[in-house]
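Peer 1: Need a 3D model of the sequence below.
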Amino acid sequence: MSDKLSNLLNAIPIPVVFVSKTERIIAENEEARQLLGPNIRSRHYATILRQPMVLESIEACLEEQSAQNANYTINDRQKDNSFRVSCRFVSDTGYDFPTGVIVSFQNMTEFEEVDQIRRDFVANVSHELRSPLTAISGFIETLKGAAQMDPSAQEGFLDLMAWETARMERLVSDLLSLSRVENQERVSPEGSVNLLSILSSAIDNFIGLAAEAQVELKLHSEVLSADVRGDADQLQQVFCNLIENGIRYGGSGGLVGVNVEAVSYDPVLKSPCIQTTVFDKGPGIDSEHLPRLTERFYRADNHRSRHLGGTGLGLAIVKHIVSRHCGRLLVESELGCGARFKVVLPKQVC
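Peer 2: Here you go, the predicted structure:
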């Protein structure tokens, strides 16, 4: 009977066990064996499911014959996984079907992670906006009081207010841009664009900033034509972000370069590609920060980024645009050796 019941439970795509009125697990599906272990049949449920909330729910379901729910957490050696446990009583139907409780486990980890990302995002946006608003509010209070009759102080405070206002404008602009990019991420771009033309235009946009920072901008291409399927405006945004970051954060090395080369076959993208590398000779990025650089609001150097007017969203926007173009973004860096951001784009978008 247990084997027949297990075969039936195997049709359910989430972990499920059947606890009989003898309080033993008499059947389970393959998903339950993967979650709870291979040798759970015939054992008392309390020796397998040791968490009090789950034990109380199964006991109550057996005694009261009513539906019960509980939360269950298990660690897979990498992270905690959260499950919603549902206990449903099954009575003797007269068809040789045992009396007991069906206990199912619905994995809620992904939903909780998404919800946490949403909460973190709201908290980060609130924090990023509150800082300049607090500063501007303080400046206004000072201008209305102590600095009311001091023209030189007024000019200084107005300059600071303008800087903070511009910072908020950049943040709002990046938030809107990130929202648009995320909405379009599953829509493949149409048309063909010339990357060399886009890169030349992007470099021209930062000649003034590079001169001010005493940084040399160089474009080198190993190919005469670098045509890819893509959205010209979005790709322009990608390389403008990377070049600007190179100047602002790696400009102390005196050089920000852009190299373009053809890749006959990329084993990950499984197609011919164009690889564009934006590099600098600056202080580099500690390896511990590299995996998180494209997270929204993540900064390797929080104080310096804010001082330079960064919003913490630029690389997140880059990641989503590259993803929309079915490409790859690779970041390589060592402390003292500069940073290299490689954008690998297939010639034909998937």
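Peer 1: rest of the way, CA atoms for contacts and neighbours
Peer 2: Noted.
Peer 1: end to end, how far does stretch 326-342 reach?
Peer 2: Stretch 326-342 has an end-to-end distance of 14 Å (CA to CA, to the nearest Å).
Peer 1: Buried residues, it. List them.
Peer 2: Using 16 or more other CA atoms under 10 Å as the burial criterion, the residues of stretch 326-342 that qualify are Cys326, Gly327, Arg328, Leu329, Val331, Ser333, Cys337, Gly338, Ala339, Arg340, Phe341, Lys342.
Peer 1: Export those residues as a markdown table, with columns for secondary structure and distance to Ser173.
Peer 2: Below are these laid out as a markdown table (DSSP: H, G, I helix; E, B strand; the rest coil; distance: CA to CA, whole Å):
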| residue | secondary structure | distance to Ser173 |
| --- | --- | --- |
| Cys326 | coil | 25 |
| Gly327 | coil | 24 |
| Arg328 | strand | 25 |
| Leu329 | strand | 23 |
| Val331 | strand | 25 |
| Ser333 | strand | 28 |
| Cys337 | coil | 32 |
| Gly338 | coil | 28 |
| Ala339 | strand | 26 |
| Arg340 | strand | 26 |
| Phe341 | strand | 23 |
| Lys342 | strand | 25 |
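Peer 1: Show me the two of the residues you listed that sit farthest apart.
Peer 2: Farthest apart among the buried residues of stretch 326-342 by CA to CA are Cys326 and Cys337. That separation is 29.2 Å.
Peer 1: on that earlier part again, tell me which of the buried residues of stretch 326-342 is nearest to Gln275?
Peer 2: Closest to Gln275, out of all of these and judged by CA to CA, is Lys342, at 6.6 Å.
Peer 1: Is the nearest residue to the closest one once chain neighbours are set aside bridged to anything, and to what?
Peer 2: Closest residue to Lys342 apart from its sequence neighbours, by CA to CA, 6 or more residues apart in numbering: Thr277 at 4.3 Å. When assigned by DSSP bridges, Thr277 has beta-bridge partners Asn259, Lys342.
Peer 1: residue contacts, Thr277?
Peer 2: Gly257, Val258, Asn259, Val260, Arg340, Phe341, Lys342, Val343 (CA atoms under 8 Å, 6 or more residues apart in numbering).
Peer 1: now swap in Asn69 and tell me
Peer 2: Counted by CA under 8 Å, 6+ apart, Asn69 has contacts Val54, Ser57, Arg84, Val85, Ser86, Cys87.
Peer 1: in a strand, that's where it is, yeah?
Peer 2: Yes - Asn69 forms part of a strand when assessed by DSSP: H, G, I helix; E, B strand; the rest coil.
Peer 1: quick one: it and Ile58, what's the gap?
Peer 2: From Asn69 to Ile58 the distance is 9 Å (CA to CA).
Peer 1: Make sure Gln51 is actually in contact with Val85.
Peer 2: No - using CA atoms under 8 Å, Gln51 is not in contact with Val85, being 11.4 Å away.
Peer 1: more neighbours, these two?
Peer 2: Each of Gln51 and Val85 had its neighbours counted (other CA atoms under 10 Å), and the higher figure belongs to Val85 (23 against 15).
Peer 1: center of the chain, which residue is that?
Peer 2: Taking CA atoms, centre = their mean, the centroid of the chain lies closest to Glu295, which sits 4.9 Å from it.
Peer 1: I'd assumed that residue was in a helix, is it?
Peer 2: No - checked against three-state DSSP, Glu295 lies outside a helix; its state is coil.
Peer 1: Name whatever forms a beta bridge with Arg24.
Peer 2: With DSSP bridges as the rule, Arg24 is bridged to His44.
Peer 1: Pipe the buried residues of stretch 326-342 into JSON lines and attach distance to Gln78 per row.
Peer 2: Below are the buried residues of stretch 326-342 laid out as JSON lines (distance: CA to CA, whole Å):
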{"residue": "Cys326", "distance to Gln78": "28"}
{"residue": "Gly327", "distance to Gln78": "28"}
{"residue": "Arg328", "distance to Gln78": "25"}
{"residue": "Leu329", "distance to Gln78": "25"}
{"residue": "Val331", "distance to Gln78": "24"}
{"residue": "Ser333", "distance to Gln78": "26"}
{"residue": "Cys337", "distance to Gln78": "32"}
{"residue": "Gly338", "distance to Gln78": "32"}
{"residue": "Ala339", "distance to Gln78": "29"}
{"residue": "Arg340", "distance to Gln78": "30"}
{"residue": "Phe341", "distance to Gln78": "29"}
{"residue": "Lys342", "distance to Gln78": "29"}
